[in-house]
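A.B. asks: generate coordinates for the sequence data below:
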Amino acid sequence: MNILSLEKRGQIITLLVEGNSIRATARITGCSKNTIAKLLEDIGIACLKFHDDMVRNVRANRVQCDEIWSFVYAKRKNVPYDKIGEAGDVWTWTAIDADSKLIISWFVGGRDIKSANYFMQDVASRLTNRVQLTTDGLKAYLDAIEEAFPKGVDFAQLDKQYAGSRYVGAIKTPLIGCPDNKHITTSHVERQNLTMRMHMRRFTRFTNAFSKKIENHCYALALYFVYYNFCKIHTTLRVTPAMEAGLTNDIMEITDIVKLIKC
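C.D. replies: Numbering: from 1, shown residues only. Have a look, this model is predicted:
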């Protein structure tokens, strides 16, 4: 079996994290779709472990959480009988440090209490100090956050109000501790949702580039979050989020991501 060079694998990963689909990447690089899919699987598994190991003991002041919708194989209403439990709507939960822009934690699941509990437990395990936490108005957060932060947290929800599709305002609701009213916002994590849609083709709406398997969906996310945290220089910060958060001292190159794979 032919083994792709480090440069070729780096080219493929660069194309994937810059918003190209697997088919488009295959056309540009001349590699087969199966080769690219196998590389995505290998690098996704490596990135899952890398994020889990590296994003620890994060010292943050303000954390924002949100969920972004996508689907696997088919939207919920179109899932065939033989694919029930394997396909349909999925939600990616993310937690971002509003100051360093670091993605602290992410989780793929439903938009329910079980997913909220798992996600918030992981968020809490990666922080070293008390934070101000802001989410949207999803009720599933309430018990999950109280259970995940037994030592205390300053928690508030921002519930946006709409008249049809037109935004008309938001209600700020402090729930635990003493959150600072001026920092009750989800603007940073919502902007991150847009960045996700721009950098991952399978999140782009009204295309046929959606994920066909949940495993590949998670591999693409794992790759993206390592790229975003450790490689991508934030325009305002002029360093990567991981550098701003004090997790690393240097910018990680795409080839460094490739080298995460255990050959």
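
A.B. asks: need the helices for the stretch 151-263 of the chain, in chain order.
C.D. replies: Ranges of helices within the stretch 151-263 of the chain are 187-199, 214-230, 241-244, 254-258, based on DSSP state H, counting those that start in this stretch.

A.B. asks: out of those helices, which is closest to Lys139?
C.D. replies: With respect to Lys139, and counting by C-beta to C-beta, the nearest of those is helix 187-199 at 18.1 Å. Every C-beta, even on glycine, is put in place using the N, C-alpha and C of the backbone.

A.B. asks: so what does the closest one touch, helix or strand wise?
C.D. replies: Contact here means 3 or more C-beta pairs under 8 Å, 6 or more residues apart in numbering; DSSP states H and E; on that basis helix 187-199 packs against strand 62-72, strand 88-97, helix 214-230.

A.B. asks: how about that helix as PDB, C-alpha atoms only?
C.D. replies: Only the C-alpha atoms of helix 187-199 are listed here, as PDB (Å, rounded to 0.1, in the frame of the first residue of the first chain):
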ATOM      1  CA  SER A 187     -21.500  36.600  21.400                       C
ATOM      2  CA  HIS A 188     -18.100  34.900  21.400                       C
ATOM      3  CA  VAL A 189     -19.400  31.300  21.300                       C
ATOM      4  CA  GLU A 190     -22.000  32.300  18.600                       C
ATOM      5  CA  ARG A 191     -19.200  33.800  16.500                       C
ATOM      6  CA  GLN A 192     -17.400  30.500  17.000                       C
ATOM      7  CA  ASN A 193     -20.400  28.700  15.600                       C
ATOM      8  CA  LEU A 194     -20.000  30.700  12.400                       C
ATOM      9  CA  THR A 195     -16.300  29.900  12.200                       C
ATOM     10  CA  MET A 196     -17.200  26.200  12.500                       C
ATOM     11  CA  ARG A 197     -19.600  26.400   9.600                       C
ATOM     12  CA  MET A 198     -16.900  28.300   7.500                       C
ATOM     13  CA  HIS A 199     -14.100  25.700   8.300                       C
END
